[in-house]
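In: Got a predicted structure plus its sequence, pasted below:
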Amino acid sequence: MSALTPEELEKVRSLLHREPTQTEEGIFTVMWSEHCSYKSSRLHLKKLPTRSDRVLVGPGENAGIIEIGAGADGKTYAIAFKIESHNHPSFIEPFQGAATGVGGILRDIFTMGARPIAVLDALRFGPLDDPRHGDRNRRILEGVVSGIAHYGNCFGVPTVGGECVFEPCYNGNPLVNVFALGVFRKDEIFFGRASGIGNPVIYVGAKTGRDGIHGASMASAEFSEESKQKRPNVQVGDPFMEKLLLEACLEAMHTGAIVGIQDMGAAGLTCSTCEMGSRAGTGIEIELALVPQRETGMTPYEIMLSESQERMLLVAESGREEEVFSVFRKWGLDAVTIGRVTGDGMLRVKNHGVVVAEIPNRELADEAPVYDRPHNAKPYRPAPMEVPEIPASRDLNADLLALLGSGDLCSKRWIWQQYDYTVRTNTVAGPGGDAAVIRIKETGTSIAMSLDGNGRYCALDPREGAKLLVAEGCRNLSAVGATPVAATNNLNFGNPERPEIMAQLVEAIEGMAEACKFFETPITGGNVSLYNETLGEAIWPTPVLGIVGLMKTAPPVTIPFKEEGRAVLLLGGLGSAGPVHFGGTQYAKVVLKKMWGLPPALDMDYEKRVQAAIREVVNAGLAESSHDVGEGGLAVALAESCSGGMGAHVSLPGGLRPELALFHEGPSRVLVSTAQPAAVEKIACDHGIDCLPLGVTMKTRLRIDHHRDALVDSPVDRLREVWENALENLLSPVPALTNHV
Amino acid sequence: MRIGVVVFPGSNCDHDEWYAFSHNLGQQAEFIWHDSSSLGNVDAVILPGGFSYGDYLRCGAIAKFSPVMSAVRKFASDGGLVLGICNGFQILAESGLLPGALLRNRDLKFVCRDVTLRVETANSPFTSAARPGQLLRMPVAHGEGCYFGDDRLLDALEAEDRIALRYVDNPNGSLRNIAGVLSEKRNVMGMMPHPERAADALLGSVDGRVILESMVRSLVAVAA
């Protein structure tokens, strides 16, 4: 448990002008925890761009909000979205940890008045075939996936995309980052503000129990052997309750009687009361004896710090309580007045009339210590800079199959088929594409979303890795024809008290800031998850970015080739790939089993032009298929484009070694098939980018030539079989045969 | 025609049904709250998908006791059209309005994907717009959709032409690939796949309309 440091305790004393009570100390501990206060990252987060013409609400609220345009009813519509991590709980108890991660982020969305319409998940685990931890990694993956499915499916929100990656650095510290997005009218936005002195403070939803006490503080400490004993710190989710809470809250908001509302997430009642008061510049007085409790004998400390799920705090207009109560009664939920808004700026907590805590709201919520942690070290690098000898491949066909069957690149169908991705009848493009696309019924616009991280690139160079991430996310959206407009980030790092880790964080934030400014995708909020270490071993720096784009609602352009005899073009060209920039590729990882050098080199200006070009190609209806060239390089992108059964015969120009030509991961490239290559080439030319004609689509085979040699020649069924079944095979390994002598 | 969509606490396809009937088919659709003991003046009733009352016990096991189900029973016994989709099918089976039971899927996992269905009979108000043998593509999304009954029941269903839909690619282990069954009087149908999710070309398939339009046409025919 991370407690207050002696200096922090001294600050508490000087704020209160006395010794804190036990309850007060607990309140300060959670509110000033890394998880709630961002004390190590706050200074640097300020570097991120947060504004644009579309941004209605930026960081600091429960979720960011952007405007998306007018609906058929003439009203302006908006979307709220955010990403949140539930890494630590998912390691301790994968099913409930992941389930409550989904629950928490959904509440962040509907507490602002938006109805959640999409969820995406970025998952990272240790390798499923890890010799020491494989069993545990498989169990964690299965638990996390069924937890997400359990919660999202029951709640009725489609889980439409995400990613799943395996690296040994996540063996003892898996990452579960959940992104959620909701839609509403601009005039329906609610804030977590306790305005109006004398207004009632109302508790709604599930009863309070002892679960999750100090979850936020747990999330702010490293893991040790004892961490596995912390199961009681993990909350238990009830998606049915959350669904009722959603419907009741939205209905109650429509009565007009609600002044402010906030969910009780991390740090529960403590966080919701002091943040609502702080934002409105008011005080809040509550009586704990009135809080609905599901266990007897709970102390004030426990009630204030409980992280029981599916609870909300709201402030209603005085005299209109009954309108609110009747809605919650209809949905069978508890709704109790537990206190009042006051004018003295204090959070005053009483238990059976006795004051147990009395803290100035603003100081508690906003005066958390801010640390400028040393970051003058070089970011920690897990790999050498020197380029090793890259041997000539003996069988590139086999290399391609190895990549397609690897954990990172294989189809994640086994995962997303367990998620209801079609509920709400908005899913234009579901999981498995470059970006998920959800239509907004009210406006004729669609929202494209992509969730991306790349710990490998960021480990080699956090700054460039973060830039590549922004570029990749924006390219994913562009590949389906959407214009990127905003983003949310989840910064997963190790212990910030170590300068070489802090340096990773600072570099990554600065790289992300530069790229987000350049690609005009302000960060409207997010989450920082530090102390992702187990037994002194930190995860790789893993920023994860959720990018949101807008497009006209139209039938989707998807990855698979559709028709025979179509031109296959590579927008952006073959790209450059020096051996130094090859060390972070999947080929280096899977085939060479090495890592070195730097991530692929990015030219942001060129990238932006490629993105503009592919958007124009897609929106002009010229692309029959479109696919971002990402991890695994061109050969993997081609193989994935063959996943619908239609193959291709392509030839690559000379210049690069075959291994590099096929598998380098240089950015700024999108693969399209088209019946009108001249029109596509014209658009590429207008944008000043290369457009390389690779070949034509053909039935049943993928053949890739280079200098007239066939580097790859395989039936597409074979490629697809390996790619589609790999994850299931990794999850149910054949037990090793013992050697009988 | 007026289509009533029942809303149980935990229903999550209620709005999708409402949208499909009102926007995709241009009918009048309205919601019926679970504790209502009257269905109002509707011409047909939809029990939508979701997790009624959380379904923590057994899918549909609580919903069958809700006040609205008494009204649905009465409506069905008077010959009214009742279509239960996904959780709605589970509720109909629990309530005894349809025979058989829906067990956990064969591989014990929730499954969401497109399936191909074969229309086994056009002799029902839910499939009259289809040709027997016609293939329909639409999504399934459920954890407990494995249709089960003893051989006597299954033989009887076949003999009475009450298996309306079968899976071509069985996603859940349903016996004899059963995806949808009819009541004895053929005015109640339960199906696990979601026709309302295949009623809009933008979303990839409009095959679900065959089911929904069959219902509307049957109602028009009765009214005429």
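Out: Thanks, I have the structure now. Since this is a predicted model, take the numbers as computed values, not measurements. Numbering: from 1, shown residues only, chains lettered A, B, ... in the order given.
In: Low-confidence regions, chain B specifically.
Out: Applying pLDDT under 70 to chain B flags no residue at all.
In: Kindly report the residues of it close to chain A.
Out: By C-beta under 8 Å from any C-beta of the partner chain, the residues of chain B that approach chain A are B:9-10, B:12-13, B:15-16, B:19-20, B:49-51, B:53-56, B:109-113, B:139, B:141, B:143, B:194, B:196-197, B:199-203. Any C-beta I mention is one placed from the backbone N, CA and C, and that applies to glycine too.
In: So which of those belong to strands?
Out: Those of these mapping onto strands are B:V111, B:C112, B:R113, B:P139, B:A141, per DSSP state E.
In: what's across from the last one in the sheet?
Out: In this case it means B:A141. B:A141 has the following beta-bridge partners by DSSP bridges: B:C112.
In: how about it, what does it touch?
Out: A:N153, A:D420, A:T422, A:V423, B:G49, B:C86, B:F110, B:V111, B:C112, B:H194 (C-beta atoms under 8 Å, 6 or more residues apart in numbering or on different chains).
In: Try it again at 10 Å.
Out: B:A141 is in contact with A:153, A:158, A:417, A:419-423, B:13, B:49, B:86, B:110-113, B:171, B:192-194, B:197, counting by C-beta atoms under 10 Å, 6 or more residues apart in numbering or on different chains.
In: Quick one: buried ones out of these?
Out: Neighbour counting with 16 or more other C-beta atoms under 10 Å in any protein chain shown marks A:153, A:158, A:417, A:419-423, B:13, B:49, B:86, B:110-112, B:171, B:192-194, B:197 as buried within these.
In: Which member of the ones in strands among the residues of chain B next to chain A is positioned nearest A:I258?
Out: B:A141 (33.0 Å; C-beta to C-beta).
In: Relative to A:V157, how far out is the closest one?
Out: B:A141 sits 12 Å away from A:V157 when distances are taken as C-beta to C-beta, to the nearest Å.
In: Name the residues contacting each of the two.
Out: Common neighbours of B:A141 and A:V157, using C-beta under 10 Å, 6+ apart, are A:Y419, A:D420, A:Y421, A:V423.
In: Show me the strands in chain B, by range?
Out: Under DSSP E, chain B gives strands at B:2-7, B:28-33, B:44-47, B:81-85, B:101-103, B:111-119, B:135-142, B:146-148, B:163-167, B:178-182, B:188-191.
In: could you point out the longest helix in chain A?
Out: Assignment by DSSP state H gives helix A:134-155 as the longest helix of chain A.
In: And the closest residue to chain B within the stretch 551-700 of chain A, what's its pLDDT?
Out: Residue nearest to chain B within the stretch 551-700 of chain A: A:P555 (6.2 Å; C-beta to the nearest C-beta). As predicted, A:P555 sits at a pLDDT of 96.
In: what about it, how many neighbours?
Out: 12 (other C-beta atoms under 10 Å in any protein chain shown).
In: contacting residues for it?
Out: Contacts for A:P555 (C-beta under 10 Å, 6+ apart) come out as A:V428, A:A429, A:G621, B:A201, B:L202, B:L203, B:G204.
In: got a winner among these for most neighbours?
Out: Of the contacts of A:P555, A:A429 is surrounded by the most neighbours, 26 neighbours in total, counting by other C-beta under 10 Å.
In: Quick check: what element follows the helix or strand of chain A at the bottom of the mean pLDDT ranking along the chain?
Out: Scoring the helices and strands of chain A by mean pLDDT, DSSP states H and E places helix A:215-218 at the bottom, with a mean of 62. Later in the chain than helix A:215-218, the nearest helix or strand by DSSP states H and E is helix A:239-254.
In: what about that next one, distance to the chain center?
Out: 24 Å (C-alpha atoms, centre = their mean, to the nearest Å).
In: same for the very next helix or strand once past it, what does it pack against?
Out: Later in the chain than helix A:239-254, the nearest helix or strand by DSSP H and E is strand A:258-263. Judged by 3 or more C-beta pairs under 10 Å, 6 or more residues apart in numbering or on different chains; DSSP states H and E, strand A:258-263 is in contact with helix A:94-110, strand A:200-205, helix A:239-254, helix A:268-280, strand A:311-316, helix A:321-330.
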